[in-house]
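Visitor: show me how the following folds:
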Amino acid sequence: MLFLYGMVIYRNVRVQNNESNNVSIEEIQKIEEKILSVYMWEEVTGEALPEFQDINDADEKWIWEVVKNNLENYEVTYDEIEEEAKLIFGENFNKEFPKEGNSSFEYNSETDKYIATEVEFDQEEDSFLLDNIIKTETGYEVEIIEYLEDYSEEESVIVRNTNDEEIGRVSISESETNMQDIVKNNKDRFTKKKVYLVQENDNLNLQKVEGM
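Guide: Model prediction:
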């Protein structure tokens, strides 16, 4: 399947635990939206969400695919790419997009614009489950469980971990909740990460991602 440029696909993500007990539904929605906006595709970027201690040290391919996925147009200017990156990653983000373009955006010298490149996907959708949210003085520490939804079979969806091991399956007619129940009941077989989010003015920005 080919995908030209991005629009965030919202899934039915729910929180399994909440140690702080003071995170509102609205806050959970904002957290979900933020992580979804930066959660990419393993077959394209190596990891759907790579680990890093500083956003400026994060994987380059992942960074610019995130920017592409959040743009509404497939043909953009250099400034539009830079502005979108700042909007997504915050004012501390200081990487400059290469003037010559890259694998995410091809430069068109005739229009002096950048064209979003096509992406080819497999039949596995990279997904995550919000497992726990801890509210901090500056934002949130969010624990997620990563899993894959395999749509390669006609009658069922296979739930796999990121090592591509089958953990369970549901019929194609069953809801997202049934898949999440498989993940919840087999937590020790899935990859877990901690996502640090910081509130900066009106924006919730990604600070770092750690393995667990």
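
Visitor: quick one: list the elements packing against the biggest helix by length in the chain.
Guide: Ranked by residue count under DSSP state H, the longest helix found in the chain is helix 25-38. If contacts are counted by 3 or more CB pairs under 8 Å, 6 or more residues apart in numbering; DSSP states H and E, helix 25-38 sits against helix 60-70, strand 124-135, strand 139-150, strand 191-200, strand 203-211. Just so you know, the C-beta spots here come from the backbone N, C-alpha and C atoms, and that holds for glycine as well.

Visitor: which residue is nearest the centroid of this structure?
Guide: Residue closest to the average C-alpha location in the chain (CA atoms, centre = their mean): residue 39, at 0.7 Å.

Visitor: just list the residues touching that one, thanks.
Guide: Remark: with contacts taken as CB atoms under 8 Å, 6 or more residues apart in numbering, residue 39 is in contact with 48, 49, 126, 128.

Visitor: again, but for residue 148
Guide: Per CB under 8 Å, 6+ apart, neighbours of residue 148: 42, 124, 125, 126, 127, 159, 160, 161, 162, 164.

Visitor: go again using 7 Å as the cut-off
Guide: 124, 125, 126, 127, 160, 162 (CB atoms under 7 Å, 6 or more residues apart in numbering).

Visitor: could I get the residues you listed in JSON lines, plus columns for pLDDT?
Guide: Output for those, formatted as JSON lines (pLDDT from 0 to 100):
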{"residue": "124", "pLDDT": "89"}
{"residue": "125", "pLDDT": "92"}
{"residue": "126", "pLDDT": "95"}
{"residue": "127", "pLDDT": "94"}
{"residue": "160", "pLDDT": "96"}
{"residue": "162", "pLDDT": "94"}
